[in-house]
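Participant: No sequence on hand, only this structure:
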């Protein structure tokens, strides 16, 4: 009578492989030093550690921690609500539709410019940050006109703003929505019609206007600093002869 004796397992799925898998699982667990109170250096080293073969197939088991949030540069206390009010007003005013002229047959013109029918015009909205910075938003059934007054603290900023706006308005066809002549009392004007909202995204148009308002002050300030630096160098070179 033959007795069946159990032979040691030599298959690749034997106990040795199982124990190695258990060790890999243990190694995948975060070390005790990587708690949520660990310093950022330890957390960064743990996150950048190389993956083993088992971890690469299953994915890295990340420890329970939070990286410190990267805060964007904060706006001034008056600029954020100012831009938020302009954005909300523009989003409400840019509900445009195609509308033919009620006076001239087969004509389709921006009613905010023509102003031939008062019932097609909306109440103009003026949003002011201070006496020198303000935005005028004029709406109608098929177009919106946005006029911006830029801050000008002294005569140098007035000259730089005038030259910069004139440079842009001479190239108005490249900006599509830029008006060649601003509304009286403002530095620059944009005209958005229903054809623009049909060809372009409305939220992108709003983002462009808001981004322009954010960057125009920085551009003028940088130009003013460069002019002052150049004037200082010229004055020093001129006075060296005396």
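Facilitator: Structure's in. What do you need? Just so it is clear, the model here is predicted, and its values are computed rather than measured.

Participant: any low-confidence regions in the protein?
Facilitator: Residue ranges of the chain with pLDDT under 70: 1-76.

Participant: for it, which helix is longest?
Facilitator: helix 202-239 (DSSP state H).

Participant: got the buried residues for that helix?
Facilitator: Across helix 202-239, burial judged by 16 or more other Cβ atoms under 10 Å covers 202, 205-206, 208-209, 212-213, 216, 220, 223-224. All C-beta atoms are positioned from the backbone trio N, CA, C, and that covers glycine.

Participant: what does stretch 116-130 give?
Facilitator: Quick answer for stretch 116-130 (16+ other Cβ under 10 Å): 120-121, 125, 127, 129.

Participant: again, but for stretch 179-186
Facilitator: 179, 182-183, 186.

Participant: Return the member of these nearest to residue 149.
Facilitator: Closest approach between the buried residues of stretch 179-186 and residue 149, by Cβ to Cβ: residue 186, at 4.9 Å.

Participant: how far away is the closest residue to that closest one other than its chain neighbours from residue 183?
Facilitator: Spatial nearest neighbour of residue 186, chain neighbours left out: residue 147 (3.9 Å); criterion: Cβ to Cβ, 6 or more residues apart in numbering. Remark: distance between residue 147 and residue 183 (Cβ to Cβ, to the nearest Å) = 4 Å.

Participant: shared neighbours of these two, anything?
Facilitator: Counting by Cβ atoms under 8 Å, 6 or more residues apart in numbering, the shared contacts of residue 147 and residue 183 are 136, 189.

Participant: Tell me where the protein has helices.
Facilitator: 15-28, 40-47, 53-58, 79-93, 111-114, 155-169, 194-199, 202-239.

Participant: hang on, the earlier thing: residues contacting the residue nearest to residue 186?
Facilitator: So residue 147 contacts 135-136, 138, 182-183, 185-186, 188-190 (Cβ under 8 Å, 6+ apart).

Participant: Mind doing that once more with 6 Å?
Facilitator: Neighbour list for residue 147: 136, 183, 186, 189 [criterion: Cβ atoms under 6 Å, 6 or more residues apart in numbering].

Participant: Quick check: it vs residue 154, distance?
Facilitator: For residue 147 relative to residue 154 (Cβ to Cβ), the value is 23 Å.

Participant: swap in residue 121?
Facilitator: In terms of Cβ to Cβ, residue 121 sits 37 Å off from residue 154.
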